[in-house]
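>>> coords please:
(2 chains)
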Amino acid sequence: MVRASPPAQLVALVGNDVRHRFRDRPTLVAAALAPIVLALIASFSLSRLTRSFEGTYAIVDLDGGVVGEQLAAGIEGDARLADAIDLERIDTEAEAREAVDDGRIAAALVIPAGFSGTILQGQPAAITVVESPRHAPAAVVAGAIAEGAMASIRSDQLAVSTALNVEGGDLGGLGVGDLAVRVAEVAAPIAVVDVDLLDAGGAGPARFYGPSMAIVALLVVVQLGARSLLEERRTGVVAREVAAGVRPSVLLGAKALFAGGLGLASVLLTLATVALASGASWGSPVGVLVLSTATVAAFTAVATLITAAVRVEESASSIGLVVGLLLALVGGNFVPLTQAPGFLRSLSLATPNGWALRGFGQLGTGTPLLEAVGPSLLALLAFTVVAGLPAWALSRRLVTP
Amino acid sequence: MSDSTAGAVLVCDRLTKRYGDRLAVDGLSFAIRPGERYGLLGPNGAGKTTTISMVCGVLRPDDGTVLVDGQPAAEARGTIGYVPQDVAVFPDLTARENLAFFGRLLGLRGTALRRRTDEVLETVELADRATDFVVKFSGGLQRRLNIAIGLLAQPRLLVLDEPTVGLDPQARNGILEAIERLAAEGVATLYTTHHIDEAARLCTRLGIVDHGRLIAEGSPAELVAGGGSGQRLRVAVGHHSDALVDGCRALPAVVDVVAVDGHLDLTVDEAPAATAGVLALAERLGVPVTDLELRRPDLETVFLGLTGRALRD
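Numbers count the residues shown, from 1 in each chain, chains lettered A, B, ... in the order given. The predicted structure is shown next:
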């Protein structure tokens, strides 16, 4: 008998996994139905969220200085905000609090007294948000506006600092007007990009929750693929395949391909469903595909590492669920990182989903493709390698004679 | 290669396997010739499955060699018909789809694959269930498919690890007949079983394994003949008594005593004297005797005598 070549065996193994798994209802539900349901739930709740943060917001300028006034005017003049919310001025913080409490306004931004002076001295300052627990989405939006405004000021401070540096630290008799001109001429050396909830023509929330739900679905699906090795080992199929002359590397490669393929199908299905349901878009399809593939590779490696280290199906399932939930929480799958505390944003960089969501957030914002997804791709590649190498070594022990 | 192994399809030479401190297989050597049906008999944990796994290249021996048609086991993978103890099939696929998958792994394609699939389905009498999903099969049909997959490679050596576990007598008989037909075609068979009657019927040669070592080898008739001239007295007792066991051992007509599942198996020189001695001893110790059976030596008594354990232990 002519022996099958390793590539032919690989094709046979992957093909059989596809056929076998697609007749297995739990896998079918997890791979196909779960992403669609998650996507629809996300789209539905997001449309409610979108409506819930519409309303009137207030600005309270207690500062009265040049910076405070420019900041307020900048918010009032933002075309994106104007499309989504109404703005009005209120004189005092107490009035704003009363208006928020009785529901006349959704939330208020308070520019504190002395704000301009603090900023002009190059010191950090903050805008206060007056919010109500009854209008949590509005509070999130107000926080995003405040964060965006402060990011703009930090950028300006950096520009001023750079302008002064150009002059060797000597103002050289420049007046404030001259300095403003000089500032305008100097491009900020860093881009402060805020992926907020209001961009992309009203489909902004779905732009976040689409990838977020896709990753949640991926966490489930990719584990099913990875665990199939343990199941086939338990039932004696792996031994039979090895006895048939299949090399361990071919067997593991087939399992990884199948788990990855299933995961990629799940991610793309979720994104497509969200796009259809909410009109969300992530710009370049190539960017979406590449970023999705990198995300799937990282999670396939992580899931394989868990299953290969645990070696028992039931335990792998439980531990995988806990790890998946933890990653989803820390990585920012449930709350946009732009609205999360600073430490959580830093912590999210220790998770593959944190990087993936960051990449998806950059897609379609007008940032050049490579610049948008490059850092995330590199980070995901690193996760794939770091988790994948031990996963491969441990998995080989499961199938090597 | 010695004369005794010349022409053998399978030669195992001083096979050894350790799991940590435990010696699972301890220097096992045997050979199987074409058409021979060789049975490995041994209690649970004796090392049968470990031996079979090494023969099929699924497990690497720590020491010793396995040659299949003169090739090391690792290189012979794909040419051995391996039927594992588990029903290693995909329940969500049909019988034909299962066979097609494993056939492709072996390098079969197109017409050749279809022809070979049909042949093995005929061999195990599953042709009429070829397109049924395996999940709907009875245990016996699943076992037959398990064997059919092992036959795909047209092996000269078929290795079956307890292929009749959990089957009713009719299903067992069907499988044994299929194996006998294959052996008649010249296929060498390495077989493990928990059923002594099955081994006695099927195997032309037996190796009795205990604690990883081959402790006896020969045809069933040779093993029984070599089991000694002593008769076997089986004494069923109401409850176990160590004093009775020890007392029996001390009787002059008794050669050996093994306590198994509520009865004592005694190897005796003089049956009347031994019977009288045992009954008197049991009465004195207050142990009720519920049955007495005098048996001529058979494969089971040989096995018990050699291992001190019943095969199902």
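>>> in the stretch 1-150 of chain B, which spans are strands?
B:10-19, B:22-32, B:37-41, B:63-68, B:71-72, B:80-83 (DSSP state E, counting those that start in this stretch).
>>> deepest of these, which one?
Comparing those by mean neighbour count (mean count of other C-beta atoms under 10 Å in any protein chain shown), strand B:80-83 ranks first with a mean of 28. (Glycine included, C-beta is placed from N, CA and C.)
>>> any idea which helix or strand carries the residue positioned nearest the centre of chain A?
Ranked by distance to the mean C-alpha position of chain A (C-alpha atoms, centre = their mean), the top residue is A:Leu357 at 2.1 Å. Following DSSP states H and E, one finds A:Leu357 within helix A:352-362.
>>> got the CA positions of that helix in PDB?
Below are the C-alpha coordinates for helix A:352-362, written out as PDB (Å, rounded to 0.1, in the frame of the first residue of the first chain):
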ATOM      1  CA  PRO A 352      -4.600  39.400  23.400                       C
ATOM      2  CA  ASN A 353      -8.200  40.700  23.300                       C
ATOM      3  CA  GLY A 354      -7.100  44.000  24.700                       C
ATOM      4  CA  TRP A 355      -4.800  44.400  21.700                       C
ATOM      5  CA  ALA A 356      -7.300  43.100  19.300                       C
ATOM      6  CA  LEU A 357      -9.900  45.500  20.400                       C
ATOM      7  CA  ARG A 358      -7.400  48.300  20.200                       C
ATOM      8  CA  GLY A 359      -6.700  47.300  16.600                       C
ATOM      9  CA  PHE A 360     -10.300  47.100  15.700                       C
ATOM     10  CA  GLY A 361     -10.900  50.500  17.300                       C
ATOM     11  CA  GLN A 362      -8.300  52.000  15.100                       C
END
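>>> can you give me the offset of that helix from its chain's centre?
Helix A:352-362 sits 4 Å away from the centroid of its parent chain (C-alpha atoms, centre = their mean, to the nearest Å).
>>> and it, what does it pack onto?
For helix A:352-362, the elements it packs on are helix A:204-234, helix A:285-310, helix A:313-331, helix A:342-348, helix A:369-399, judged by 3 or more C-beta pairs under 8 Å, 6 or more residues apart in numbering or on different chains; DSSP states H and E.
>>> returning to that earlier point: turn the strands of the stretch 1-150 of chain B into CSV, columns for distance to chain A.
Shown next, in CSV, are those (distance: least, C-beta to the nearest C-beta, whole Å):
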stretch, distance to chain A
strand B:10-19, 11
strand B:22-32, 14
strand B:37-41, 17
strand B:63-68, 11
strand B:71-72, 12
strand B:80-83, 4
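>>> between those, which one is nearest to A:Ala72?
Minimum separation from A:Ala72 across the strands of the stretch 1-150 of chain B (C-beta to C-beta) falls at strand B:10-19, 75.8 Å.
>>> now the closest one against strand B:37-41, angle please.
Interaxial angle of strand B:10-19 relative to strand B:37-41 (axes from the mean of the first three to the mean of the last three C-alpha atoms, to 10 degrees): 20 degrees.
>>> pLDDT score for B:Leu141?
We have a pLDDT of 90 for B:Leu141.
>>> sorry, that was for A:Gly210
83.
>>> would you confirm that A:Ser317 contacts A:Ala226?
No: A:Ser317 is beyond contact range of A:Ala226, at 10.5 Å (criterion: C-beta atoms under 8 Å).
>>> out of those two, which sits in the busier spot?
Remark: of A:Ser317 and A:Ala226, A:Ala226 carries more neighbours, 30 against 17, as counted by other C-beta atoms under 10 Å in any protein chain shown.
>>> and the helices in the stretch 201-313 of chain B, which stretches?
Assigned by DSSP state H, counting those that start in this stretch, the stretch 201-313 of chain B shows helices spanning B:220-225, B:242-250, B:271-285, B:299-307.
>>> what does the stretch 1-150 of chain B give?
Secondary structure of the stretch 1-150 of chain B by DSSP H, counting those that start in this stretch: the helices cover B:48-55, B:73-76, B:95-105, B:110-123, B:139-151.
>>> highest mean neighbour count out of those?
Highest mean neighbour count among those (mean count of other C-beta under 10 Å): helix B:48-55, with a mean of 26.
>>> what angle separates that one from strand B:22-32?
Orientation check (the same axes, to 10 degrees): helix B:48-55 against strand B:22-32 gives 60 degrees.
>>> who are the packing partners of helix B:48-55?
Here helix B:48-55 touches strand B:10-19, strand B:22-32, strand B:37-41, strand B:63-68, strand B:157-161, strand B:188-192, going by 3+ C-beta pairs under 8 Å, 6+ apart.
>>> need the CA coordinates for it. CSV is fine.
The C-alpha coordinates for helix B:48-55 follow below in CSV (Å, rounded to 0.1, in the frame of the first residue of the first chain):
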residue,chain,number,x,y,z
LYS,B,48,-1.2,-6.7,27.6
THR,B,49,-2.4,-3.3,26.3
THR,B,50,1.0,-1.7,26.8
THR,B,51,2.6,-4.6,24.8
ILE,B,52,0.1,-4.1,22.0
SER,B,53,0.6,-0.4,22.0
MET,B,54,4.4,-1.0,21.5
VAL,B,55,3.8,-3.5,18.8
